[in-house]
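>>> I would like to see how this sequence folds:
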Amino acid sequence: MPAIQPSIVAASIACLLLIPCAHAAPRPTSPQAEPPLPERWQPNAEEARLLGEFENRAANISPKAQRFPSTPSAESIPKSFSPWWLRGQVQSIGKKTHRENITLEDLYMRAIRHSTQIRVFGDLPVIRETGIREAKGAFDTNAFLNSQFERTNDPVGSTLTTGGADRFQQDEWSIEAGIKKKISTGADVSLSQKIAQTRNNSIYFTPNAQSTGRLELSIIQPLIKGSGVGYNRSIIQIAKIDSEVAMSEFVRQTESHIQEIARTYWALYAARVTYLQKLRLLEETGKLANEIKARENIDAQSSQIFRAQSAVAARKADLIRSEAAIRNAQDRLAALTSDPRLLPNSGIELVPTDRLVLTGEMVDAQQAAHTALRSRPEINQAFNQLRAATIREKMSRNEVLPELNLVLKGSLGGIDGGNYFAGYAREYNTGAPGFTVGFELKYPLENNIARARLERRRLELRQQIDQLRTTVDSVLLEVKISAREVGTAYREATSKYAAVKAYSEDIESLQARRSVQPFLDPAVSALIGAEATKAANLSQTTDYIDRMLDAQDRRARAEEDFIMAASEYQVALVNLQRAKGKLLGFEGIQIMRGRDDQNLPLLYLEKGGRDGKSSRDAKSLTRNE
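Numbers count the residues shown, from 1 in each chain. Take a look at the predicted model:
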């Protein structure tokens, strides 16, 4: 029989060691853009069937907003509408403050650069991705080395043991090295080389000392339970799905964060406008109170003066609350962006410079629902979790089966009386290989553990299907409400505009009437007498005070309601993009993958111009900062 060369064995060992390296993906050296969620998930046959069912439900949504016939339709707000309190909010309100103009684009850029909360969101997917590598560790190649020295000194019960000595004495030294690996079919492969030398005091042990060498290859391949590439790579597939779920969660939380920035920005805008409105109301009420106070010795009564003064005090309290709303919104924006320039500096006055969008927008709720089914991260999460539950259920079905293993072993042996490695040299050029072929069968009769686990996985699969349907129901409801809210907020804003216009004209009419209307004609005063004249003038003054204060209150409420409705309309437009799952794309924000200073994987946001929406030049923002 031809000799077996040691180089062949070494090459076989090297092949086993290099298997994992061949599948290792190269690490990116430069930042790369992550694909959006619709491109990261491709449905299988069952998922496509469910998605088709959901698409049919979305097709039943009315594309146009419906309303009752008695509900008035939306009017239009003139493009020239620019009252003083809208123009005035872009000016500094506070004194001894550092004014800083901001736009919504600026705040997005600040949050992308500085927000620790967004960094927390971005760490979740890369943390979950470590589970993929951990799952691949089950197929790692493991090298091992065992070495031992054993001395035996036992009494002898038979002369055949030693040939005369009353105690059997033996020294044995051995060393064994090799590699073990589990491959994707489920087989455990082991290749080892053992070298040993033995000395004893038996006359029958020839030669004495003996050097032995043994090369052994062992393969244990599952045939039923635990067999197959699909089963053994299921843990890796589940780890990949978990990382995709985490990526969807990153998108969801980031869109919620961006949405909250937009909501707070417009809340700051509305708070500043409301402050100016209440400041003017306080000035007008104070002017009226001073006018009544000046007539104290003519025709004004104490009750009228007290009423005017109490109205002034109430307006001061409202102004204090408005100022607190401005500062709260500023602090909220600082916390959301984590901008180091804003967090510690209470002397900065943030001045929103974006213009209100006061034109109506037609929203196709049906198309928005179709977009949401493909783009919403919650739906992507639910489908991925369903896919993971399906894999776990298939694994449990395999684990219920009997355990039947094919056992294959082959070996080469050599022996010599020389030094330690003499037996190793002879195992390749003497004799022939030995081998073993056999089967191992193992099966628990009750099999309670595997059966219970399978039932649990089936229940979890059923639960996940229901969870998917619930998620889709919630998303479609949110899309319908968001689409309806866009139209509702716009109609509400136009109605509030009409109220502002009417109440402003009412006050102007009262002021004009007051400036030209005498209290009583002198001839009439001469006829009715002084007391009656005083009573008539008092009645007119009381009526004027009541009507003017009421008119001021109504106009102030109408103006505040308008700016709140207009701000809600701006937020509703953002919420619609969030409901469709397209907020990041709409704002030109994409997820990038790179590495930090410690060469750790990193996910971060980058703002550019996507979906036709341009963004402010990042370099100009850097110069401003």
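>>> can you show me the strands along the stretch 301-450 of the chain?
Counting by DSSP state E, counting those that start in this stretch, the stretch 301-450 of the chain has strands at residues 348-352, 403-416, 434-442.
>>> any chance you could list what contacts the shortest one?
What that stands for is strand 348-352. Identification of contacts with strand 348-352 by Cβ atoms under 8 Å, 6 or more residues apart in numbering yields 89-94, 97-103, 265-266, 268-269, 272, 330, 333, 341-342. (C-beta placed from N, C-alpha, C; glycine too.)
>>> tell me the contacts of Glu100?
So Glu100 contacts Ile348, Glu349, Leu350, Val351 (Cβ under 8 Å, 6+ apart).
>>> and the pLDDT at the first one?
Read that as Ile348. Here, the pLDDT recorded for Ile348 equals 85.
>>> quickly list what it is bridged to.
With DSSP bridges as the criterion, Ile348 is bridged to His98.
>>> what separation do you get for it and Gln467?
Plainly put, Ile348 is 46 Å away from Gln467 if you go by Cβ to Cβ, to the nearest Å.
>>> cool, the second one as well?
Noted for Glu349: a distance of 47 Å to Gln467, by Cβ to Cβ.
>>> ok, these two, which is more surrounded?
Set Glu349 next to Gln467 and count neighbours by other Cβ atoms under 10 Å: Glu349 wins out with 19 against 16.
>>> please name the nearest non-neighbouring residue to the more buried one.
Of all residues not flanking Glu349 in the chain, Thr97 sits nearest, at 4.1 Å (Cβ to Cβ, 6 or more residues apart in numbering).
>>> just list the residues touching the spatially most central residue of the chain, thanks.
Taking Cα atoms, centre = their mean as the criterion, Phe250 is the residue nearest the geometric centre of the chain, at 2.3 Å. Listed by Cβ under 8 Å, 6+ apart, the contact set of Phe250 reads Phe121, Gly122, Leu124, Pro125, Ile591, Leu603.
>>> which helix or strand contains the third one?
Translated: Leu124. Assigned by DSSP states H and E, Leu124 belongs to helix 116-136.
>>> okay, buried residues for that helix please.
117-118, 121-126, 128-129, 131-132, 135-136 (16 or more other Cβ atoms under 10 Å).
>>> what's it in contact with?
With Cβ under 8 Å, 6+ apart as the criterion, helix 116-136 contacts 20, 111-112, 235-236, 238-240, 242-243, 245-247, 249-250, 253-254, 257, 336, 338, 591, 600-605.
>>> would a markdown table of the strands of the stretch 301-450 of the chain with distance to Thr162 be doable?
Shown next, in a markdown table, are the strands of the stretch 301-450 of the chain (distance: least, Cβ to Cβ, whole Å):
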| stretch | distance to Thr162 |
| --- | --- |
| strand 348-352 | 97 |
| strand 403-416 | 21 |
| strand 434-442 | 29 |
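>>> for the ones you listed, which one sits closest to Phe149?
Among the strands of the stretch 301-450 of the chain, strand 403-416 comes nearest to Phe149, with 19.4 Å by Cβ to Cβ.
>>> using CSV, write out every CA atom in the helix holding Leu124.
Output in CSV follows, covering the C-alpha atoms of helix 116-136 (Å, rounded to 0.1, in the frame of the first residue of the first chain):
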residue,chain,number,x,y,z
THR,A,116,-27.3,61.8,21.9
GLN,A,117,-30.8,60.3,21.7
ILE,A,118,-30.4,59.6,18.0
ARG,A,119,-27.0,58.0,18.7
VAL,A,120,-28.7,55.8,21.3
PHE,A,121,-31.2,54.8,18.6
GLY,A,122,-28.4,54.1,16.1
ASP,A,123,-26.5,51.8,18.5
LEU,A,124,-29.4,49.3,18.8
PRO,A,125,-29.0,47.8,15.2
VAL,A,126,-25.2,47.5,15.5
ILE,A,127,-25.5,45.9,18.9
ARG,A,128,-28.0,43.4,17.5
GLU,A,129,-25.7,42.7,14.5
THR,A,130,-23.1,41.3,16.9
GLY,A,131,-25.6,38.4,17.3
ILE,A,132,-25.1,37.4,13.7
ARG,A,133,-21.4,36.9,14.3
GLU,A,134,-22.1,35.2,17.6
ALA,A,135,-24.5,32.8,15.8
LYS,A,136,-21.9,32.0,13.2
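>>> residues touching the residue lying closest to Gln467 once chain neighbours are set aside, list them.
Leaving aside its sequence neighbours, Gln467 sits nearest to Ala382 (Cβ to Cβ, 6+ apart; 6.1 Å). By Cβ under 8 Å, 6+ apart, the contact set of Ala382 is Gln464, Gln467, Leu468, Thr471, Val472.
>>> do that again at 7 Å, thanks
The contact partners of Ala382, taken as Cβ atoms under 7 Å, 6 or more residues apart in numbering, are Gln467, Leu468, Thr471.
>>> burial count for Lys480?
18.
>>> and the closest residue to it other than its chain neighbours, how many neighbours?
Leaving aside its sequence neighbours, Lys480 sits nearest to Ala365 (Cβ to Cβ, 6+ apart; 5.8 Å). Number of residues near Ala365 (other Cβ under 10 Å) recorded here: 24.
>>> just to revisit the earlier point, relative to the whole chain's centre, how far out is the helix holding Leu124?
Distance of helix 116-136 from the chain centroid (Cα atoms, centre = their mean, to the nearest Å) equals 11 Å.
>>> same question for stretch 348-367.
25 Å.
>>> keeping just the C-alphas, turn it into CSV.
Output in CSV follows, covering the C-alpha atoms of stretch 348-367 (Å, rounded to 0.1, in the frame of the first residue of the first chain):
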residue,chain,number,x,y,z
ILE,A,348,-30.2,82.7,23.5
GLU,A,349,-33.5,83.7,21.9
LEU,A,350,-34.5,81.2,19.2
VAL,A,351,-36.4,83.0,16.4
PRO,A,352,-38.2,80.7,13.9
THR,A,353,-37.9,82.1,10.4
ASP,A,354,-39.9,79.6,8.4
ARG,A,355,-43.1,80.9,6.8
LEU,A,356,-46.4,79.3,7.6
VAL,A,357,-47.8,77.1,4.8
LEU,A,358,-51.4,78.5,4.4
THR,A,359,-52.4,76.8,1.2
GLY,A,360,-54.5,73.7,1.1
GLU,A,361,-53.0,70.3,0.1
MET,A,362,-55.0,67.5,-1.5
VAL,A,363,-54.1,64.2,0.1
ASP,A,364,-54.8,60.8,-1.5
ALA,A,365,-55.5,58.7,1.6
GLN,A,366,-55.6,55.5,-0.5
GLN,A,367,-52.2,56.1,-2.0
